[in-house]
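Undergrad: just to be clear, the model below is a prediction. Sequence and coordinates:
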Amino acid sequence: EKLLVESGGGLVQPGGSLTLACTASGFTFDDYAIGWFRQVPGKEREGVSCISGSDGSIYYDDSASGRFTISRDKDKNMAWLQMNSLKPEDTAVYYCNADTPDVPWGYWGQGTQVTVSS
């Protein structure tokens, strides 16, 4: 069974930092693009950042640019999202996903809750 598991969320004060981790089981990331997404109750899931599997090119949503850093390690079969200068509006459930050839962006995990509050 192919699974993606997110971890590293929690409660943090505004201005704080968190690093989210994404681990794959049942498959390897290989050269697939990896993305981080987030969702707030009542709103659609939105893309935060994405890293290519082929050339390592990176995309950030405007809301994340300059504050978040995406990275991956193919040997460890993991990806991370380093989040700095967190704001209350970053509060959401964060998910990772992969652009696999069988089910592109289809393996949604349980996500990890990030709450930014004083």
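TA: Right, received. Where do you want to start? Numbers count the residues shown, from 1 in each chain.
Undergrad: from now on I want contacts and neighbour counts done on CA atoms only, so please keep to that.
TA: Fine.
Undergrad: what's the span of stretch 49-56 from first residue to last?
TA: 12 Å (Cα to Cα, to the nearest Å).
Undergrad: which residues touch it?
TA: 30-37, 57-61, 64, 70-72 (Cα atoms under 8 Å, 6 or more residues apart in numbering).
Undergrad: burial count for Gly106?
TA: 12 (other Cα atoms under 10 Å).
Undergrad: name the element it belongs to?
TA: Using DSSP states H and E, Gly106 maps to neither a helix nor a strand.
Undergrad: OK, contacts around it?
TA: Asn97, Ala98, Asp99, Thr100.
Undergrad: neighbour count, secondary structure and distance to Trp80 for the residues you listed - can I get that in TSV?
TA: Shown next, in TSV, are the contacts of Gly106 (neighbours: other Cα atoms under 10 Å; DSSP: H, G, I helix; E, B strand; the rest coil; distance: Cα to Cα, whole Å):
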residue	neighbour count	secondary structure	distance to Trp80
Asn97	27	strand	11
Ala98	26	strand	13
Asp99	18	strand	16
Thr100	18	coil	18
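Undergrad: where is pLDDT lowest across those?
TA: Least confident of the contacts of Gly106 in the model: Thr100, at 88.
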